[in-house]
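Colleague: show me how the following folds:
(chains A, B, C and D)
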There are 2 protein chains.
Amino acid sequence: MPRVAKETKDRYAILGMLSHHELSGYDLRERIMNTIGFFWPDLKYSRIYPTLKKLEAEYLVSSKKVSDPDDKRPDKRIYKITAGGTDALEEWVSEPLDVTSSINMFSIMQELLLKIYLGGQVESEVSLQNIEKFKQYQRTSKKILEGFVDNLEPIIDSDPDHKYILQTIKMGLEVSKASMKWANNALKELGE
Amino acid sequence: MPRVAKETKDRYAILGMLSHHELSGYDLRERIMNTIGFFWPDLKYSRIYPTLKKLEAEYLVSSKKVSDPDDKRPDKRIYKITAGGTDALEEWVSEPLDVTSSINMFSIMQELLLKIYLGGQVESEVSLQNIEKFKQYQRTSKKILEGFVDNLEPIIDSDPDHKYILQTIKMGLEVSKASMKWANNALKELGE
DNA sequence: AAAACCATGTAAGCTGTTACATGATTTC
DNA sequence: GAAATCATGTAACAGCTTACATGGTTTT
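Modeller: Numbering: from 1, shown residues only, chains lettered A, B, ... in the order given. Predicted coordinates for the structure are as follows:
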């Protein structure tokens, strides 16, 4: 079996940022923190720089060295997305959301949010389909969680742990409901 | 500098499950998927078995081999939490939530939910404090996201990307609001 | 018969963090 | 004068996934 280079989300976070602006590794981190940072893991420099090199080796980005005109600040290496990089990014954004049952709700939300963030790169139909699939997932999720509640509530006092477990399920339900509310509104606002 | 063994969340997910029931590695995975699986990453066997061995080497869990009475199924190794393991778990659940700005909202929610799930292991005051800190974080988060919206809305038409970016912020806001609603209710229900 | 489940693990490789290294500039 | 920012990286280690290995049982 050939070891398949796993295409991780970080690659697409980086490609996605570069699809909006050309950036140095340093600026990339700033930008990620100030834009998608509220839902995306912090990317350390020790991952950013090697990943950029790898992306360049795959011709998905290109770079040029830029010196500060006043020669006060250190040189930068500015990365920009290539045509191939744009294609790879579009392909990823268009790939249906992975909602396999072994994947937790927060990972799914992260993937969805990054794809929505990059919605300008693809046909608007693609984003609407992503949201539709997400809504479907949340609907199923809500039903499962409601089943959990129905099973737990009659035996809530039989074990001191139960009331804590119930609270985690209730959080899941609130997040599901909020997600569906958001999805309906987003479908409307992006569908116009 | 001594390399500090980083205490990852998986350890506590495993210790936490074992604080409720004694389990084999195989059953551990089943249980994680069926309980905290909707918010917690799937744990592969290739991580579970070595982690259990490590926990045993640290005397946080102990194990015994159990054979199937009918000798039809393979032998199991059943793990149970030790007194030391219980202490370590309590300590972790009692540690204040990490809400550093470089940590995204979904990671924070995962940590909070696992600590709430294990609330039966500690004084109820601890869980209430965890929820209080979480609520505080979401309040701040909501304000920041509202600031983003205020900056973005006046220039929404100046770039086709803006309406997609706005949708991601709106999701953040819905999740923040749902979280705060949940927190208020949980404080009430667990505080009685 | 084939597929899925029960049960435990190892090996290889990629993912990601922490610490180290450097050095100028700018802010407190 | 100390601390933070700008800027790019490497080394060592820890986290985590995928594939491989084994072999019986149960379900389809």
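
Colleague: domain parsing for chain A?
Modeller: Domain assignment of chain A by automatic domain parsing yields the ranges A:1-95, A:100-192.

Colleague: show me which residues of chain A sit near DNA strand D.
Modeller: Residues of chain A lying near DNA strand D by CB under 7 Å from any atom of the strand: A:1, A:3-4, A:6, A:24-27, A:30, A:45-46, A:49-50, A:52, A:68, A:73-77. Quick note: C-beta positions are derived from backbone N, CA and C, even for glycine.

Colleague: so of these, which ones are in helices?
Modeller: A:Gly25, A:Tyr26, A:Asp27, A:Glu30, A:Tyr45, A:Ser46, A:Tyr49, A:Pro50, A:Leu52 (DSSP state H).

Colleague: tell me how far A:Asp150 lies from chain B.
Modeller: Taking CB to the nearest CB, to the nearest Å as the measure, A:Asp150 falls 15 Å from chain B.

Colleague: report all helices and strands that the host helix or strand of that residue contacts.
Modeller: In the assignment (DSSP states H and E), A:Asp150 maps to helix A:124-152. Using 3 or more CB pairs under 8 Å, 6 or more residues apart in numbering or on different chains; DSSP states H and E, the elements in contact with helix A:124-152 are helix A:83-94, helix A:105-117, helix A:162-191.

Colleague: got a markdown table for the ones you listed, with mean pLDDT, distance to B:Thr100 and mean neighbour count too?
Modeller: Converted to a markdown table, these look like this (pLDDT from 0 to 100; distance: least, CB to CB, whole Å; neighbours: other CB atoms under 10 Å in any protein chain shown):
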| stretch | mean pLDDT | distance to B:Thr100 | mean neighbour count |
| --- | --- | --- | --- |
| helix A:83-94 | 96 | 29 | 17 |
| helix A:105-117 | 97 | 18 | 22 |
| helix A:162-191 | 98 | 21 | 19 |
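
Colleague: can you list these in a markdown table and add distance to B:Glu189?
Modeller: Listed next are the helices and strands packed on helix A:124-152 as a markdown table, based on distance: least, CB to CB, whole Å:
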| stretch | distance to B:Glu189 |
| --- | --- |
| helix A:83-94 | 41 |
| helix A:105-117 | 22 |
| helix A:162-191 | 7 |
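
Colleague: residues contacting the residue in chain A that DNA strand C sits nearest to?
Modeller: Residue nearest to DNA strand C within chain A (CB to the nearest atom of the strand): A:Ser46, separated by 3.1 Å. By CB atoms under 8 Å, 6 or more residues apart in numbering or on different chains, no residues touch A:Ser46.

Colleague: what residue of chain A is the furthest out?
Modeller: A:Ser158 (40.3 Å; CA atoms, centre = their mean).

Colleague: got the phi/psi numbers for it?
Modeller: Main-chain torsions, A:Ser158, degrees, to the nearest 10: phi -80, psi -10.

Colleague: and if you look at A:Asp161?
Modeller: Torsion angles, degrees, to the nearest 10, at A:Asp161: phi -70, psi -30.

Colleague: how many neighbours does the residue lying closest to it once chain neighbours are set aside have?
Modeller: Sequence neighbours aside, B:Gly120 is the residue nearest to A:Asp161 in space, at 3.9 Å (criterion: CB to CB, 6 or more residues apart in numbering or on different chains). Residues near B:Gly120, counting by other CB atoms under 10 Å in any protein chain shown, number 18.
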